[in-house]
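Peer 1: Got a sequence here, can you model it:
(2 chains)
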There are 2 protein chains.
Amino acid sequence: MAKKYVYFFGKGKSEGNTKMKELLGGKGANLAEMARIGVPVPPGFTISTEVCDYYNKHNKKYPAELQKQIDENIAKLEKVMGAKLGDPKNPLLVSVRSGAAASMPGMMDTVLNLGLNEEAVIGFAKKTNNERLAWDAYRRFIDMFSDVVMGVPHEHFEEKMTEVKNKYNAKLDTDLTAEQLKELVAEYKKVFQKHMKKPFPSKAKDQLMAAINAVFGSWNIPRAVTYRRINRITGLLGTAVNVQAMVFGNMGNTSGTGVAFTRNPSTGEEEFYGEFLINAQGEDVVAGIRTPEPISDLKKEWPHIYKELDDIRYKLEKHYKDMQDIEFTIQEGKLFMLQTRTGKRTGLAAVRIAVDMVKEEMITPEQALLRIEGDQLNQLLFPIFDTNAKLESKQVAKGLPAGPGAASGQVVFTAKDAEEWKKTGKKVILVRHETSPEDVAGMDAAVGILTSTGGMTSHAAVVARGWGKCCIAGCSALNINYEKKQITAGDIVIKEGDWISLDGSTGEVMLGDIKSTSSPVIAGVVENNAQAKKHPIYKEFMTIMKWADKYRTLKVRTNADTPKDALAARRLGAEGIGLCRTEHMFFEGERIWAIREFILAQDKEAREQALKKLLPYQRKDFEGIFKEMDGFAVTIRLLDPPLHEFLPNDEAGQAEMAKRMNVSGEKVKELVRAQHELNPMLGHRGCRLSITYPELCVMQTTAIIEAACNMVAKGIKVMPEIMIPLIGSKNEFDFLELIVRETADAIIKKAKKKVKYMVGTMIEIPRAALTADEIAQKAEFFSFGTNDLTQMTFGFSRDDAGVFLPGYIEKKVLSDDPFQTIDQKGVGALVNTAVKLGRQTRKELKCGICGEHGGDPRSVKFCNKAGLNYVSCSPFRVPIARLAAAQAVLEKK
Amino acid sequence: MAKKYVYFFGKGKSEGNTKMKELLGGKGANLAEMARIGVPVPPGFTISTEVCDYYNKHNKKYPAELQKQIDENIAKLEKVMGAKLGDPKNPLLVSVRSGAAASMPGMMDTVLNLGLNEEAVIGFAKKTNNERLAWDAYRRFIDMFSDVVMGVPHEHFEEKMTEVKNKYNAKLDTDLTAEQLKELVAEYKKVFQKHMKKPFPSKAKDQLMAAINAVFGSWNIPRAVTYRRINRITGLLGTAVNVQAMVFGNMGNTSGTGVAFTRNPSTGEEEFYGEFLINAQGEDVVAGIRTPEPISDLKKEWPHIYKELDDIRYKLEKHYKDMQDIEFTIQEGKLFMLQTRTGKRTGLAAVRIAVDMVKEEMITPEQALLRIEGDQLNQLLFPIFDTNAKLESKQVAKGLPAGPGAASGQVVFTAKDAEEWKKTGKKVILVRHETSPEDVAGMDAAVGILTSTGGMTSHAAVVARGWGKCCIAGCSALNINYEKKQITAGDIVIKEGDWISLDGSTGEVMLGDIKSTSSPVIAGVVENNAQAKKHPIYKEFMTIMKWADKYRTLKVRTNADTPKDALAARRLGAEGIGLCRTEHMFFEGERIWAIREFILAQDKEAREQALKKLLPYQRKDFEGIFKEMDGFAVTIRLLDPPLHEFLPNDEAGQAEMAKRMNVSGEKVKELVRAQHELNPMLGHRGCRLSITYPELCVMQTTAIIEAACNMVAKGIKVMPEIMIPLIGSKNEFDFLELIVRETADAIIKKAKKKVKYMVGTMIEIPRAALTADEIAQKAEFFSFGTNDLTQMTFGFSRDDAGVFLPGYIEKKVLSDDPFQTIDQKGVGALVNTAVKLGRQTRKELKCGICGEHGGDPRSVKFCNKAGLNYVSCSPFRVPIARLAAAQAVLEKK
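Peer 2: As a prediction, the model looks like this:
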C-alpha cells in the first residue's frame, strides 16, 4: 500500500484527530477533531508534515504517490461540496493555510478564495447572486496569491486600490461597486504580469499546487529558520498544508460571523459570551468598522442557529473539558465552526471555572489545580485595573514591578506630604528617587510607591512587598525634580497633585485615576472580614487552597520581619518564618542612632555600649514574632547589610548626625567616606561583620534567646533557627557557630528554660554550595538565598542589571529573568550540589529557600524536585507557593 | 622483648636517625643523626612520642617498662660523660627539652642545668674551678625549673634579681659575684617555697622526672591545643622529650659559642660564614651585649678547633646536601655541635647555591629546581633593599604589594611634577589617591607609585605591574592632602620632596632613602645589556631557566597590552600572549575622546562614527604586538570594563569634556550619573557591552583581523585568539561568536590572506564553569580569569575586601589570600569542573589561565594538575611561572 500523505476531514468523518499534531500540525489536527466529533466545519484535507520534510530534502520534489492522493481528496471535497475546483459555473473555492505543530510566524500564512479565474468569478457571482461579493473575492485572491505565493509586494496592489478609490471618490474599500472592482482586478493582473513576466495563472489546480509549494518552501525561509533557532524549536518535520472549502459570512442577511467563549472569560460565570456580525467576514469583526452585537441577540434573531451553536458550545466544552474560544461563520443560514481552542481567561475566571467544573464533575480537583497559574491566583489577592480603562490610559514609563497590585493616587514628593495629604482624606502616590527608613510612615500613608532608582531589593521594594503594597521601583525614565515638585518623562510633565496609576504586576506607570477592583480574598483571609467571607471568590479561593494543601508535600514558610507581617502570612497559610531579616529592625526610631553609635565607636567596649541599647528593642521584636508564630519555626538571620547602609547619605542627615552624636561634620563625612564600598554586594557584610565584630553576633544571639526564654515562660512554643548569612567556608561558620552556641547555652542555663534552637546558614555564595559537605559538619540547616546566589553565579548586580537584562530577554540571550525564575542550569546546579553534599554529611539536613524565588511557581516546582523541605516567600505570595507546591506533585504523576 | 621507648645518642652511635621524626620529634631525630654520622654532639637520649600519647591517654601514667629504660639510659649517659646525675662531687648536668615532629609553640620548652642542688653546685664549682659559673647556673636552673615545670611565674624571680642588683649596685646580671649569686639562690628558693608550699626539690632524679612530666603534660595545655587546631596539625602522637648532657661555653677563655652557615646565606658564595664569642653562652650571642667576632678569626685564634669545625661544615653539607645553619659550643677546648638545620637564604644565595651544588655534583638539576622558591627567584629580577638598612628605617604604613621591587625617591603629588622633577635629575615617588590614564607619563617618570585607594587591579597596580615598576596601592592609612602637599599617617607628616622608600614585595612604606641593589638579570635579559650578561647572577639565572624549561610541560604565556611589554615578556621566556587587554589601549591621547564620543552617542550610527576613529589606533596596536609575537599565539580580549571607567570623574575633567564635545556641563554630569553603577564588578561590562552594542564587537574584530592580514603580508606568523570576556551562558557566547566570525571571515576573504584565528572565552563567572559543556560547543578555547572567578565564587570584592581579609588571615578563617594563591577547594573546583565539562564536548579544548594566579607558584602547580595547557602572567612573573611549572612536574615524580 502507498504511504498515506493526505488526510481528509469534514461531515462527521475525519482521517485525523487532535493527537496527530506532529503529522498534521496544530490547525489540521484540530479541524480533524472537530469534524470527527460531529461539529460542522467546512470540509477539507491536510497534507502532512512528512511531505514538507521530503520536499525540502529532495530539492523541491514530492513523493511519487502525492499527486494522486491530492487529486483523490480534491475529488472527495468536490463531491461533498457539490462544486468543482475551477468550474466556470459552479466553482469550488478553497483556502490554503500552513500549520506546524508549534506556532511559527514567518511562514506563508493564508491564501483565501483560491479557485477563481475570469470564468469562475462569473459563475460564482451567479451562484451567490452577488456580483460585488464575487469580484471582491477575486481581487482579494489575486492580491494574496501574488504577495504570499509569488512574492509580488502587496504595496503595489495597495497603490492600485488607492488610484481606483481616488478615481471614484470612494472613501472605503467597501464603497467600491462590482464594476469598479472589475476594473481593479484588471489593474491587479497588470501588476502581476509586470513583476512576474507572465500572466496571472488561470487554472485552479495550478493555483493550488503553487500555493502548496509556497507553504512547504516557506518552512526554510530565513525568517522561519531564525524564529525556530531563537525559540529553540527543534525536532519538527515541517509544516502541514490545510486545504479547506471556503465559507462566506458576507453572502447577505442570512449570513454572518462571530467569536465567542463557552464561559465568561472575565468572571468565569457559566454563560455563553461573545459577539457576532450579520453579513460580514471575520476580518470585518477585527477591523472594528461595524460594532458587533452580543451573542445573546443571536437567540432573538436566529433562534435555531443559536440553539445549534449553544449545543456545539456544550459539546466542545465536554469534549475538551475546558472553556473554549471559538470562531464561527454562518453562510446563508448554515453554521460552520472555523476554530476552537482553549480560551484565555482572567485569574478570577480561572479559579471560578476550575471550581465549577469540579462541581459539574467535568474535571477532578487534581486537574483543577493544574489549570490555575500562579499569576492568575495572584489576581485574586490584589486590586487590579479594569482592562479597558487601563488600555485607554496613557503609559508614562515602565519600572520594576516591586510590589503587587494596582494603585491610583495623587502625586506627592515627600513622606511628610504623604502623611498630611492622607489626613485630609486624599489618596496619594509617594514618588521618590529612592526611599529610606525615615520615609516609612509616609510610605504607609501612600496607596502606592514609585521610585526612580534602586532595584527589586531596594528599601522601597522590600518594605512594600512585605506589606502587600503596590510599588514600582527603579523607574529610571522618570526625571524627578524635588525642587520644582514635578516629574518629567520625555514630553510628559507630572506635577504635585496630579493623578497617576501604578500597575504593580507589570511595572507600568500611567496617567490618571484608573478604575480598579479590590480583593475580597484579602479582606476575608487577612483582615478576617466576615462580609468578605460570604463572597463567592473567597469561597472558591479557600476551596483551591484546601485542595492544594491536600496534595503538596513541600512546606511553605514566609519572609517576615514584624509581628504584623507574621500574622498576615500565617493567615495566608504560612507554616513558619523562613527568613526574618534583623536589619530592618535597626531603622525604626531611636534604634538607628544606636547602630550609628556602634559604627562610630573606636573600640570593642564602645561598640558593646552601643549594642546594649539595641538589645531590648531586638528582644521585644523577637518576642512579638515568636508569639504570632506559636508552634512554628522562625529562622532569624543575623545582620546582613554593609554598615554604610545605616549612615546618612545626604548633607542634612550628616549634619544631624554630627550634632546629635556630638562630633564634627568632617568626622561624619570621613566616616561615610571610609565606609564607602566600590562593590557593596561583595563587601563587608553578612558573617564578615560578625567575624570582625563578634560582639554583634553576641548581642543578636542574646536578643533571640532571651526572647525565646521569655515566651517559653508564657507557654508559647518557640523554635528559633539562628541563621548566619553569607557563609563561604566552613571556617567562617565554625567561628560564629561557636559564639552563638556559647552565648545561647549560657542564657538558657541561667534562665532554666527549655529552649531548643538550631544554628544554620544561608547558602548564597557559590563557594558555600561547592563546599557544602564541610559546612554541614556544623550547620544544622541550609537556607538558599537565591537572590544573592543568582547575582554571584551570573555575575549580575541586580541593582545594575536593569541596563542590559531587558535587552538580553529581547534578544533571547536569556529566556527568563533569572531573578524572577530560578536559573535551573546554573544556579539550580549549585542548589542541587549543595543539597547533595550537605546531606552526604548530615542526612537529616533541613533545606529551604528564602530568596524571591520562593514565591515563583516554576521555581517552587524546581525546589520540590531538588528535595528541599520548604520554600519561604513574602506573605502575599504564600498562596501561590502552596498552589505551585501542589502542582509540582501532580505534574510528577 | 619490652617495647623500646628511649633512644640513646652520642659518641658516634645513635639508636635513632633523621627519618624517625614521627617517633623522636624533629629535634631528637636530628641530634641522633648528627651523632650517628660522627659529629660531636653532647650525648643524651630521647623519650619517644609514643610515651606522650600513652601518658595523656592513661591519666598521666607511664608504661611499666619506661622507668627502667630511663634509668638505663641515664646510667649510659653517666658512663659516657664520666659524671653522675646528682653526684655531689662530679655532678652530671642535663638539659630537658620538648620536641614534636612539627614546630609547636606553647609547649614546655627548655630546662637547663638540671641536676644541681646545694651539694652538686659546690662539686660543679670545684670541678669547673669556677664558682661564679656554678652559682649562676644554679640560680638559672631554679628560675627555669620553677617557671617552666612548676608554673611559678618568672616575674617573682625577676623581682628578686632586681632587689639583689640594687642592693649591690650591679648594673648587669653579669656584674653579680658568686657570693651575691649565692644570696640570690637563697631568695629564689624562698620564692619557690612560698608558691609551692614545699621546698625546692633537691634530688636530681626527682627534678628530671618532674621535667619529663611537665613536657608530656604540656602537649595538651590549651595554648598548644589551640595552636594545633588553628594550624590544622593533626595525626601526631605527641611530643618527645630530649635529655642531653649540658656543655658550657662560658667556662673561661678556652670556651666559647657560635652560630654559622656553611655558605654565605646572603650571596650564596662558597665560604664559611658566621660568628663566635669566647667565654660565652648561646644566650649572650643573642642578647647582643658583646659583639661577636667573625668566624674567620677563629682560624687565627684556635686553628685546630677551626679545622675541626670546618670539617664538620663539609661533612654536614655533604650529608644533608644543602647549606646548613649550625650552632656550636666549645667547652674548654672541646667542640660540640648543638644544632644543624637547613639554612635560610636570600634569593641570590638560593640560586647560586643550587647551581654551585649541581656543579659540585652534590645534587641533581632536578633537586636544584625544587630548592628555589618563586619569591627567591623574584628577588633576582628587581632591586631589593639592603636588609639591615630596611630594618633600621621607620615604617609609615602598609598597603597592597601591587608592583614589584624596591624604590626610594622624593615625594611628589602630581604626574606633572613627577615629569618635571625627573627632568632635573631627581628620583621621585608619585603619590596619589588613585591614578588615572592621564597620569601615565608621570607614572613612567617616577621610580615608584604609591596610592591610598584602589586594589590589586586598580589602574596604578595594573600599569605598574606591566612595567615591572614598584607600586604600593590601597595604602588606606595614608591621609593624602593635595592642597597642603603632604601626607599624614598617625603622627608622621611627609611633605613634598621628602624621601620615602617603597617595598613592592611587602607593601611597606618607609621613611628615608633606603639603600637597594639593582638587578643584573633584568639588565641582561630584558635590556639586552652585554655587560650585565657577564655577571655571574645572570648566568646562574639562565642556567636555572634552562633546567626549568627542560622539565616543564605547561606552557607559559604573558599578559601584555603593548609591543614593549610583549618584547620584554618574550625575552623573559613567554611563549605567547595569554591576555592582551584592549581597554588600556583606549586611554592614550586622542583615543579617550573617541570612546567618550561613543558613550555619548544617541544611536547606532553615531556610535559607529565614533568607533571608526578608534579602529586605526587599535589596528596599529595589534600590528605591533603581532610583530613582537611572531610565531606565537596572541589572545586578545574584547573590551571588558564598564563604560563609566572612560568618563571623567572630577569637575575639571567633566568641564573639559563638555567643552571639547560641545555639550552642556549638565549633560556630561547626567551622563556620568546615568552610567554610575552600584556594583560595577557585576554590572554592564564584558560581553554584555557588545551584546548591547554589537558594533563594538565588529570594530574590535575588524582591528584584530585587519592587523593580522597586514602582518601576514609582511611574512609574520600571526595566530590571533579572540577572547570574549565575562561569558555566563552559551547564548551569550553564540550571539557574539557569530558576529566575530562573520566580520573576520569577510575581511580575510576580501584581503585574500591566510589567517587562522580562534574564538574562545574567559571562564570567570561561576555559571560559565557550571555550563562549560554547552559553551564549549562553539568556544575553541577557555582562559580562566581567576581574578573575577575568585571574586564571584567567594563573593569578595577585591577592591573592598581590604577591610576584612587581613582579619580573616589573622584569625585563620582563611589560610591564604585567595587573590594571591588560588583557592583550590572552591575556585579550583570550578576550574576542574569547567575543564572536565569543556573537554567532554571538545576533546582538544585549549585551556589556560590569565588571572594574577598565573604568576603564583602554588597556583601554577594547581594549573598543571588541572590539566591546563598554559598559564599566563605579567611579563616579570614569567620566570617564576617557568620554574613553578617545572617544579610541578618534578614534585609529581
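Peer 1: Quick one: the strands in the stretch 151-300 of chain A, in order.
Peer 2: Chain-ordered strands for the stretch 151-300 of chain A, with DSSP state E, counting those that start in this stretch as the definition, fall at A:240-245, A:256-261, A:273-278, A:293-294.
Peer 1: Give me the contacts around the shortest one.
Peer 2: By that I understand strand A:293-294. A:Gly274, A:Glu275, A:Phe276, A:Leu277, A:Ile278 (Cβ atoms under 8 Å, 6 or more residues apart in numbering or on different chains). Just so you know, the C-beta spots here come from the backbone N, C-alpha and C atoms, and that holds for glycine as well.
Peer 1: Tell me the one of those residues nearest chain B?
Peer 2: Chain B has its nearest neighbour among these in A:Gly274, at 41.7 Å by Cβ to the nearest Cβ.
Peer 1: dump the residue contacts of the spatially closest residue to the closest one that is not a sequence neighbour.
Peer 2: Excluding the flanking residues, the one nearest A:Gly274 by Cβ to Cβ, 6 or more residues apart in numbering or on different chains is A:Ala260, at 2.5 Å. The contact partners of A:Ala260, taken as Cβ under 8 Å, 6+ apart, are A:Phe272, A:Tyr273, A:Gly274, A:Glu275, A:Phe276, A:Ile295, A:Leu309, A:Arg313, A:Asp325, A:Ile326, A:Phe328.
Peer 1: Quick check: of the contacts of strand A:293-294, which has the highest neighbour count?
Peer 2: Compared across the contacts of strand A:293-294, A:Phe276 has the highest neighbour count, 26 neighbours, by other Cβ atoms under 10 Å in any protein chain shown.
Peer 1: Next, the contact list for that residue, please.
Peer 2: With contacts defined as Cβ under 8 Å, 6+ apart, A:Phe276 is in contact with A:Gly256, A:Thr257, A:Gly258, A:Val259, A:Ala260, A:Val285, A:Pro292, A:Glu293, A:Ile295, A:Asp297, A:Leu298, A:Phe328.
Peer 1: What about the second one, how many residues nearby?
Peer 2: Neighbour count for A:Thr257, taken as other Cβ under 10 Å: 26.
Peer 1: Then the fourth one?
Peer 2: Applying other Cβ under 10 Å, we find 19 other residues in the vicinity of A:Val259.
Peer 1: so it touches A:Ile326, yeah?
Peer 2: Yes - with contacts defined as Cβ atoms under 8 Å, A:Val259 counts as touching A:Ile326 at a distance of 7.0 Å.
Peer 1: which residues are common contacts for those two?
Peer 2: A:Gly274.
Peer 1: how close does A:Ile70 sit to A:Ile47?
Peer 2: Distance, A:Ile70 to A:Ile47, by Cβ to Cβ, to the nearest Å: 7 Å.
Peer 1: out of the contacts of A:Ala260, who's nearest chain B?
Peer 2: The nearest member of these to chain B, counting by Cβ to the nearest Cβ, is A:Asp325 at 33.6 Å.
Peer 1: tell me which element that closest one falls in.
Peer 2: strand A:324-331 (DSSP states H and E).
Peer 1: and that strand, average pLDDT?
Peer 2: Confidence over strand A:324-331, taken as the mean pLDDT, stands at 93.
Peer 1: Moving C-terminal from that strand, which element do we reach first?
Peer 2: Heading C-terminal from strand A:324-331 (DSSP H and E), you reach strand A:334-342.
Peer 1: And that following strand, what does it pack against?
Peer 2: helix A:21-36, helix A:303-320, strand A:324-331 (3 or more Cβ pairs under 8 Å, 6 or more residues apart in numbering or on different chains; DSSP states H and E).
Peer 1: Correct me if wrong: A:Ala354 contacts A:Thr364.
Peer 2: No - the pair formed by A:Ala354 and A:Thr364 falls short of the contact definition of Cβ under 8 Å, at 10.6 Å.
Peer 1: okay, these two: which has more neighbours?
Peer 2: Summary of the neighbour comparison: A:Ala354 and A:Thr364, criterion other Cβ under 10 Å, with A:Ala354 having more neighbours (27 against 13).
Peer 1: The helix or strand where that one lies versus helix A:303-320: what angle between them?
Peer 2: Under the assignment given by DSSP H and E, the secondary-structure element containing A:Ala354 is helix A:347-359. Between helix A:347-359 and helix A:303-320, the angle comes out at 80 degrees (axes from the mean of the first three to the mean of the last three Cα atoms, to 10 degrees).
Peer 1: Pull out the buried residues from stretch A:816-827.
Peer 2: Neighbour-count burial for stretch A:816-827 flags A:Asp817, A:Pro818, A:Phe819, A:Thr821, A:Ile822, A:Asp823, A:Gln824, A:Gly826, A:Val827 (criterion: 16 or more other Cβ atoms under 10 Å in any protein chain shown).
Peer 1: if I look at the last one, how far off is A:Ile636?
Peer 2: Taking Cβ to Cβ as the measure, A:Val827 falls 25 Å from A:Ile636.
Peer 1: same check, this time on the third one
Peer 2: Counting by Cβ to Cβ, the gap between A:Phe819 and A:Ile636 amounts to 24 Å.
Peer 1: can you tell me which residues contact A:Ala866?
Peer 2: A:Gly828, A:Val831, A:Asn832, A:Val835, A:Cys847.
Peer 1: thinking again about what came up before, point out the ones among the buried residues of stretch A:816-827 that are inside helices.
Peer 2: Counting by DSSP state H, those place A:Val827 in helices.
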